[in-house]
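Colleague: Let me see the structure of the following:
(chains A, B, C, D and E)
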Amino acid sequence: MAGELPVMAALLLVAVAGTAVVLARDPVRQSAVLAGLGLSLAVLFAVLQAPDVALSELAVGTAFTPLMVLLSVRKVRHNARRSERREEHE
Amino acid sequence: MNGWLAAACALLLAGFLPALLGVCTGPLRRRVLAQNLATVLAALVMLLLAQGYQRPSYTDMALVLAVLGPVGTLVYERLLSDELRAARPRPRVTRAMTVLGVAPVPLVVIPVCAAATWGRTTLKLLFIGGLLVAGSTLCTRALTSPPGGEG
Amino acid sequence: MSVLPYLVAGWLFLVGCYGLTTSRNLIHAVGSLAVCQSATYVLLLSIGYRRGGTAPVHSDIAPGSRPLVDPVVQALTLTDVVVGATVTALLLALVVQVSKRHGTVDPDELRELRG
Amino acid sequence: MTAAHALPLLVAGPLLGAALLVATGRWLPRYVAEVFGTVLAAATAALALVLLTVTAHRPTPVEWAGGWRPRQGAGVGIVLVGDGLGLGFAALVSVLVAAVLVYSWRFFDDPPAHQAGAFPALILVFQAAMCGFTLTGDLFNAFVFFELMGVVAYALTGYRVEEARAVQGALTFGFLNSLGGYATLLGIGLLYAHTGALGLAPLGAALDAAPHSAGMLVKAAFVLVATGFLVKAAAFPFHFWLPDAHTVAPTPVCMLLSGVMVQLGVYGTARLYFTVFAGPGGLPGTAVRRTLLVLGVLTALAGALLCWLQRHIKRLLAFSTVAHTGLFLVGLASLTPEGVTGTALYVLGHAGVKAALFGCAGVLVDRFGSVDEQELHGRGGELRRVGVLFTVGGLALAGLPPFGTGLGKALSEEAAGGWATVVFVLVSAATGGAVLRVAGGVFLGLGAPPAEADVPARPARERPPDATEPGGPGPGGAGVARTDGTDADGARGTGAAETAGAAGTGSAAGPAGAAGAGSAVGPASGAGPASAAGDGDAETTGADEPTETQGRVTRAPDTMLAATGALLAGGLAVGCVPGLWAAVSRAADSFTDHTGYLATVLFARAEPLPHSPVPQWTATGVLLGLLSAALGAGAACVALRTVPSGVRPRWSRPLRRLHSGHLGDYVACALAGVTLLAALVW
Amino acid sequence: MSLRVRMWVLAVGGLGVALLLAGAFTHMPDFGGTWHPYGTRAVAEALRQHSANAVASVNFDQRAFDTMGEQAVFFGSVLGTVVVLRQAGDEHRTAPEPAFVSAPVRRYALLVLPVTVLTGLYVIAHGHLSPGGGFQGGVVAATALHLLYIAIDYRALQRVRSLTLFTLADAAGEAGYLLAGLAALVAGAAFLENVLPLGTFNTLSSAGTVPVLNAAVGVEVAAGVVVLLAQFLDQAIVIEPADGRGHRADGAARAAPEGGRP
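Modeller: Have a look, this model is predicted:
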């Protein structure tokens, strides 16, 4: 039982982080939480003895996904501003 | 469960979990700072786990995290610098975050080094520790530097 | 306690679906979908876990010296992670185009395809 | 090299071709890329057909990728099984892909910079994914190909990025299908935990070895895995993505999505049941029959009703695909070889007919920049050949003998029996009738021209008047000549408001009046395409459809017509070649043979099967086929004569409102659908 | 559907799925049990194939066909992203503006960049021995390149990032994987069969074709991630609408009453 403590702790972290990702409604903040979920998952995979999977989750979740999300957010905001300007213009 | 794993659990619950909660709540700057801290702590947890499970190969996870973690934080600094620099943080916060991000590294790395057999592993561990300290310090500084300042 | 990992997987799936349903921002919806997917990672790896086992990687242990966890689920999860990352990328690309052409990423305002 | 060894080539070949196209995309002239793609797809199709004929009377080819043969029935590898239906589906996919590549010859005007071959490359990857999905004998591998199919299909659906609705439809498609895929993966996880196997055959063997253990887990696993497949198959209430995606996808992509991809979902469900769950350790047949029957009837009725109510021609065709998916599920629900034979023939015929119908719709987009039934009213007269193809396609869709759809429908009816016959007749009549209504209105100018309010204002997007169209004056000549058509309209007796005036006349006047129409509606053009929704009763019109093809095409390209005609002929051939029926019947026998599959795959043992009798046209089948074709034609006539265009009954509103285009609605419905599925299986 | 109806449907559906999953989970084998028949067989086969990392052996040998599909998913989605995020007819490119990044960040990034690339290569090269592999290492190496954008500016990244070259490498990696599989077929074995000499256990040249396939995946992923991110970076930084006609559904679509909601 005690041997499973790291697993239980990591599961708790993953559940908390997963819920927080959904509840973070602003995409920028959500991307930070998503990175946190990635870290928690990596820790969980490490205690579940899956270092290969943990490595790929780290590789994807640490920099790659946040970069993609933030670039999308930037473009989306840019588009929204343009569309607002156009409405004012009309 | 051995001492290393107990320490990993303790770090996970007493260090990583609060950092995670910091990522989940509050204004953006705090979230990014907390995320940086969480990265460092997760890397340290990985090191403790590697030692606890007697698997030196697990340190690769910490290595990748030490390399990529600061990159992830700098992404925010680069793409959202306006939002992040909207307000100047109190110097106390800056100092506290720097200490929190740096202090645990030697506390974990040195015992793990001592326990591991001397050789390539030790060098790798020290290298990871160095990367973690450098990355954490730099990211905290970049995130808390005053608006428009040279940093 | 022995079903806790599975319950966490189920929870993640449902929470992700809740996020998808109530999302007011398509980028947020993509994030919620990633939560749904993490349910599959957790479920698969929990199934392959073995108490007292260690990773099926023999670079630093002798074969047969310790019990090993299931390598198959790890391979499956690896594939799943790749699929997840690429699907995220493609959906984000489509979201960018939606915002460009509709001027919004709020599903409540995207009401062109109806009836 | 044996036949079995060649099976992976059906997947690896197109993938390799796609890689080559991407690698050389910067330097390759576009036509070379298109020829290369077409040739490769055709070569794959030829290989699949050769394998099919070579192995027709021999044991099923079974190939363990990487040579990982099982020992004592337990292995670690992935198996490819080239049984009749699997290989047959791969052949169908490849043939259709080749036809679509011919159809889309010089179709798009802006490939990405430095990627001239992007479209054929994506299509080739799509082909590989579908072939892999049909051939694989491993559940997780099926999931991988399921995702591959999805990823490529999202990109293809959103190919026209300038079009607002295209990207939105692709996104909805992506979300729903990914979610379904994750449900499938959860189900695979449950099965793996219970049996410790991933291959279909080992899974079935493991379940049979311990019957009645963990019934709840087995049922839940079936529900979850089937959810993903049924999302792909667009069964009610998982179908919402399909109309949205098919409405907006480029026409060649629609041909593939509606022609085969959706049916692969049905195939996956059937394969899953017969190989894994049909044994004593699986699910009771009654529960599965009930599930498929209820879902199928719901899907068929909802699809047929909504199909009838559409005015956007591509959306109409999309809903007819939903309706036919329902019929396939009903046909499958008998779980007998006869039912599978009927469904397989139905799918074959439907693939040809539906792809041909989409092909005709693509020509309309190409010529008029619109697929709106009311706006195009009477304008298709010049396209005589397309009109003929479209009308014949509509009749075939209704199940007219001797089309393959008619034979499939007749055999499925026979297998389903009882009151299901009524569903078959009504649903195929409704979908066929809707197509015929469009044919009558658009190509023959029958019925009432639309009132002004129904013709969405449109900017002058017309093609230049067409001098070379060989259709010339003919039956449609009247429509073209009717430039002063107010009195002609009046003569039709509806008097659709004299005020229809300029706009109505202009749009009925064909290309000659194009400039006039454009200027007449000029002031209103700001209202945009959403004006039709002004009454709070939303609907998707097909007006203002951005043209897909290159601007300098001055007439419908011959390749488009040729491919469309060939596809329709294929649909006809399915119902006329007895050799094919015998082959499908044999394939269905082995497809439904649970223990035989396990023995073939795990122990390379082939046991002779008692063959079911070769299916034939029966008098009842022919009569019912004629009946539904007549019903469809009659309904179309009645609708064109009496119902003012654009009127949709009030009671259909709740159902139409479900199709809100809102992601949240669709996800909630999908979850409710999983619950419904679970309740039916229990 | 109105929000209230949607939430009710969600509640019913969610409850049903929760019950379904809960019912299934009560019959699951105990967490952490010792019964893993497939896993046990896979480990034995991995050792027989001289592959130190059993996960790599499953990925690139025993279930190599899965990984072929996985690589196709990656390849297809990179291609799809290139298609979806291409420069549309009504858009043009602007020159990226230089960015001002603080000196310490710049110094750190330039120092860490080679380290990160080396880490990525190390993870790829040892994929069949220790944890890691083509995908993980490929992503790390590709991310490293983007330090140039993060710490200097987009022009610096553009200078070293030849998209032609990376697209070629992406396709070459995908083709390499397939050709390795077909080579076995030509040699008279099954598709993707491990036909190379197995080498000495736990050395770089062990496990036959596993390192070859691993390398192909590494090349494809590293190049593919660069191409993928290039599309997003281009959209966010250099692609601008040419004139005022950015999106077609202007005004009217939003002004239309929300017919779907009563």
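
Colleague: pretty sure D:L295 is touching D:L332, no?
Modeller: No - taking C-beta atoms under 8 Å as the contact criterion, D:L295 and D:L332 are not neighbours in contact, 10.3 Å apart. Yep, even glycine has a C-beta here, placed from its N, CA and C like the rest.

Colleague: Can you pull out the low-pLDDT segments for chain B?
Modeller: Within chain B, the set of residues satisfying pLDDT under 70 comprises B:1, B:87-88, B:146-151.

Colleague: Residues of it that sit close to chain E?
Modeller: Within chain B, the positions near chain E by C-beta under 8 Å from any C-beta of the partner chain are B:57-58, B:60-61, B:63-64, B:67-68, B:70-71, B:74-75, B:77-78, B:131, B:134-135, B:138, B:141-142, B:145, B:149-151.

Colleague: Which of those residues fall in helices?
Modeller: Using DSSP state H, the members of the residues of chain B next to chain E that fall in helices are B:60-61, B:63-64, B:67-68, B:70-71, B:74-75, B:77-78, B:131, B:134-135, B:138, B:141-142.

Colleague: Can you show me the helices along the stretch 51-200 of chain D?
Modeller: When assigned using DSSP state H, counting those that start in this stretch, the helices of the stretch 51-200 of chain D occupy the ranges D:84-103, D:118-135, D:139-157, D:164-195, D:200-209.

Colleague: Chain C too?
Modeller: Remark: helices assigned in chain C by DSSP H are C:4-22, C:26-48, C:71-102.

Colleague: if we compare the helices of the stretch 51-200 of chain D, which one ends up closest to chain C?
Modeller: Shortest separation from chain C across these is recorded for helix D:164-195, at 3.7 Å, computed as C-beta to the nearest C-beta.

Colleague: The helix or strand encompassing B:T94 and chain A, are they touching?
Modeller: Assigning secondary structure by DSSP states H and E places B:T94 in helix B:91-102. No - looking at helix B:91-102 against chain A by C-beta under 8 Å from any C-beta, there are no contacts, and the closest approach is 14.6 Å.

Colleague: Return the list of helices and strands in contact with that helix.
Modeller: helix B:28-52, helix B:120-144 (3 or more C-beta pairs under 8 Å, 6 or more residues apart in numbering or on different chains; DSSP states H and E).

Colleague: Just the buried positions in that helix, please.
Modeller: For helix B:91-102, burial by neighbour count (16 or more other C-beta atoms under 10 Å in any protein chain shown) applies to B:T94, B:M97, B:T98, B:L100, B:G101, B:V102.

Colleague: ok, A:M8 - how many residues close by?
Modeller: Summarising burial for A:M8: neighbours were counted as other C-beta atoms under 10 Å in any protein chain shown, giving 16.

Colleague: And B:R78, by the same measure?
Modeller: Counted with other C-beta under 10 Å, residues neighbouring B:R78 total 20.

Colleague: Report the contact partners of it.
Modeller: Listed by C-beta atoms under 8 Å, 6 or more residues apart in numbering or on different chains, the contact set of B:R78 reads E:A99, E:V101, E:Y149, E:I150, E:A151.

Colleague: ok, the residue of the stretch 1-150 of chain E found nearest chain C - contacts?
Modeller: When distances are taken as C-beta to the nearest C-beta, the stretch 1-150 of chain E reaches nearest to chain C at E:G39, 3.1 Å away. Taking C-beta under 8 Å, 6+ apart as the definition of contact, the neighbours of E:G39 are C:G48, C:P56, C:L68, C:V69, C:D70, C:P71, C:V72, C:V73, D:G196.

Colleague: got the buried residues of helix B:91-102 as CSV, with distance to E:F166 columns?
Modeller: Supplementary listing: the buried residues of helix B:91-102 in CSV, determined by distance: C-beta to C-beta, whole Å:
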residue, distance to E:F166
B:T94, 39
B:M97, 37
B:T98, 38
B:L100, 39
B:G101, 35
B:V102, 37
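
Colleague: now, which of those sits nearest D:G579?
Modeller: Of all those, B:G101 has the smallest distance to D:G579: 74.9 Å, by C-beta to C-beta.

Colleague: Can you get me a residue count around the nearest residue to D:L101 once chain neighbours are set aside?
Modeller: On the basis of C-beta to C-beta, 6 or more residues apart in numbering or on different chains, the spatially nearest residue to D:L101 that is not a chain neighbour turns out to be D:T38, at 4.3 Å. A total of 22 residues lie near D:T38 under the criterion other C-beta under 10 Å.

Colleague: What helix or strand is D:T38 located in?
Modeller: helix D:30-54.

Colleague: That helix - contacts with which helices or strands?
Modeller: helix D:3-6, helix D:9-24, helix D:84-103, helix D:118-135.

Colleague: Dump the ones you listed to CSV, plus mean pLDDT and distance to D:D593.
Modeller: Supplementary listing: the helices and strands packed on helix D:30-54 in CSV, determined by pLDDT from 0 to 100; distance: least, C-beta to C-beta, whole Å:
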stretch, mean pLDDT, distance to D:D593
helix D:3-6, 85, 19
helix D:9-24, 93, 23
helix D:84-103, 92, 11
helix D:118-135, 94, 18
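
Colleague: And the ones you listed: which comes nearest E:T167?
Modeller: Distances from E:T167 to each of those were compared using C-beta to C-beta; the minimum, 6.4 Å, belongs to helix D:9-24.

Colleague: Any part of the closest one near chain E?
Modeller: Yes - contact of helix D:9-24 with chain E is found when judged by C-beta under 8 Å from any C-beta, involving D:L9, D:V11, D:A12, D:L15, D:L16, D:A18, D:A19, D:L20, D:V22, D:A23.

Colleague: just checking, the first one touches D:L47?
Modeller: Yes - using C-beta under 8 Å, D:L9 makes contact with D:L47 at a distance of 6.3 Å.

Colleague: With chain B as the reference, measure out to D:L306.
Modeller: Here the distance between D:L306 and chain B works out to 43 Å (C-beta to the nearest C-beta, to the nearest Å).

Colleague: Who's the closest spatial neighbour of that residue, skipping the chain neighbours?
Modeller: Distances taken as C-beta to C-beta, 6+ apart place D:F319 nearest to D:L306, at 4.5 Å, with adjacent residues excluded.

Colleague: in what helix or strand does the one you found lie?
Modeller: Secondary structure assigned from DSSP H and E places D:F319 in helix D:313-332.

Colleague: if you average pLDDT over that helix, what comes out?
Modeller: Here helix D:313-332 scores 93 as its mean pLDDT.

Colleague: Fine by me, thanks again.
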